[in-house]
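[1] got a sequence here, can you build the structure:
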Amino acid sequence: MRASRNIPEEIGNLTKVQELSLAKNKFSGGFPASIVNLKDLESLDLSENAFSGQIPAAIGEISNLTTLDLSENQLTGRIQPSIRNLTKLETLRPKYNMLTGEIPSWLFKIKTLKKLFIGGKGSRLIWNNKAKIVPRCSLEQISMSSRGISGQIPKWISTQKDLNFLDLNGWLAVMDVGSIILFDNKLTGKLPPQLFESISLSILALSRNNFFGELPENLGIARAIMILELNGFRPSRFIYLFFFTHFITESV
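    Residues are numbered from 1 along each chain as shown. Presented below is the predicted three-dimensional model:
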């Protein structure tokens, strides 16, 4: 489809379409009302455009949606309550918008939800740390940058046993964290240097995950750490030597 400034209302005539991707175009304005006609739609990707206004309530009427990607636009207002009606939703990505208000607890009552990407530059979302959240979903991927979200890291994250991707970028730079315990998960990737910037972090337990690569160079300055568990980490031979001679020597 050729990109124009607004999505035409005629898009609603595609009543049999199951996957619709309009990502990385120059669309702007709001979503056409006719989008509610796409009853067979399972995947909707509108990321990396310039859509503005609020997420339309009609989104909640596209009942077969499993993937909803609204990331990197200029959407405002709160996370649309009608999204709770998407009982087949597996992936939700409203990250990098200008959304505001509390992160709703009903998000975690969507039993099928597996991937959640929220927050990021432009967002002004808030965790209600007094809310008692008992997730009914089993998340595999969570991305919640502290840039765009205020509050504390929610405790319920520790209940997510199927996690293989966890992005909490920036939280440690703005929070006074004493303990991080994330062992026996399926977390992958390299250890972020931000882990070792906290002056209060005394316990870091990351054993039996799938981390790899080099240990961050600033590990040796994290002198507040008293317990460090990295069993199962796969660094290079050189980094083992660095860890033993530098970090241990600095801690003695």
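[2] which stretches of the stretch 1-150 of the chain aren't confidently modelled?
    The stretch 1-150 of the chain contains residues with pLDDT under 70 at 1-4, 146.
[3] what about the helices in it?
    Counting by DSSP state H, counting those that start in this stretch, no segments of the stretch 1-150 of the chain form helices.
[4] the stretch 151-252 of the chain now?
    Here the stretch 151-252 of the chain has its helices, by DSSP H, counting those that start in this stretch, at 171-174, 237-242, 248-251.
[5] is S179 in a bridge, and if so with what?
    I203 (DSSP bridges).
[6] ok, now which ones touch it?
    Contact analysis of S179 by C-beta atoms under 8 Å, 6 or more residues apart in numbering lists L201, S202, I203, L204, A205. All C-beta spots, glycine's among them, are computed from the backbone N, C-alpha and C.
[7] can you rerun that using 10 Å?
    Each residue near S179 by C-beta atoms under 10 Å, 6 or more residues apart in numbering is listed here: S200, L201, S202, I203, L204, A205, I227.
[8] what about the fourth one, distance to I142?
    The spacing between I203 and I142, counted by C-beta to C-beta, to the nearest Å, is 21 Å.
[9] what's the separation between Q18 and D69?
    In terms of C-beta to C-beta, Q18 sits 15 Å off from D69.
[10] looking at these two, which is more packed in?
    D69 (21 against 12; other C-beta atoms under 10 Å).
[11] is the more buried one in a bridge, and if so with what?
    D45, R93.
[12] for the remainder of this discussion, apply numbering that starts at 145.
    Noted, 145 is the first residue going forward, which turns the last one into D213.
[13] re earlier: looking at I347 and I286, which is more packed in?
    For I347 versus I286, the count of surrounding residues by other C-beta under 10 Å is larger for I286: 18 against 15.
[14] any idea how far the more buried one lies from N375?
    For I286, the distance to N375 equals 23 Å [C-beta to C-beta].
[15] coming back round to it: Serialize the contacts of S323 to TSV and add fields for pLDDT and distance to K299.
    As requested, these are arranged in TSV below (pLDDT from 0 to 100; distance: C-beta to C-beta, whole Å):
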residue	pLDDT	distance to K299
S344	74	18
L345	75	17
S346	83	18
I347	82	16
L348	80	17
A349	81	16
I371	85	20
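[16] which single one of these is nearest to K183?
    Within the contacts of S323, the smallest distance to K183 is 47.4 Å, found for A349 (C-beta to C-beta).
[17] how many neighbours does that closest one have?
    16.
[18] so what's the one residue sitting closest to the centre of the chain bridging to?
    The chain has S287 as the residue nearest its centroid, 1.7 Å off, counting by C-alpha atoms, centre = their mean. Applying DSSP bridges to S287 gives these bridge partners: F261, D311.
[19] isn't it up against S267?
    No - S287 is beyond contact range of S267, at 11.8 Å (criterion: C-beta atoms under 10 Å).
[20] tell me, what's touching these two both at once?
    K239.
[21] sorry, back to before: least reliable of the helices of the stretch 295-396 of the chain going by mean pLDDT?
    Here these differ in mean pLDDT, and the lowest is helix 381-386 at a mean of 40.
[22] measure the closest residue to L185 other than its chain neighbours to R291 for me?
    Sequence neighbours aside, I206 is the residue nearest to L185 in space, at 5.3 Å (criterion: C-beta to C-beta, 6 or more residues apart in numbering). Noted for I206: a distance of 30 Å to R291, by C-beta to C-beta.
[23] looking at the two, which has the bigger crowd around it?
    I206 (22 against 16).
[24] buried set for stretch 204-214?
    G204, E205, I206, L209, T210, T211, L212, D213, L214 (16 or more other C-beta atoms under 10 Å).
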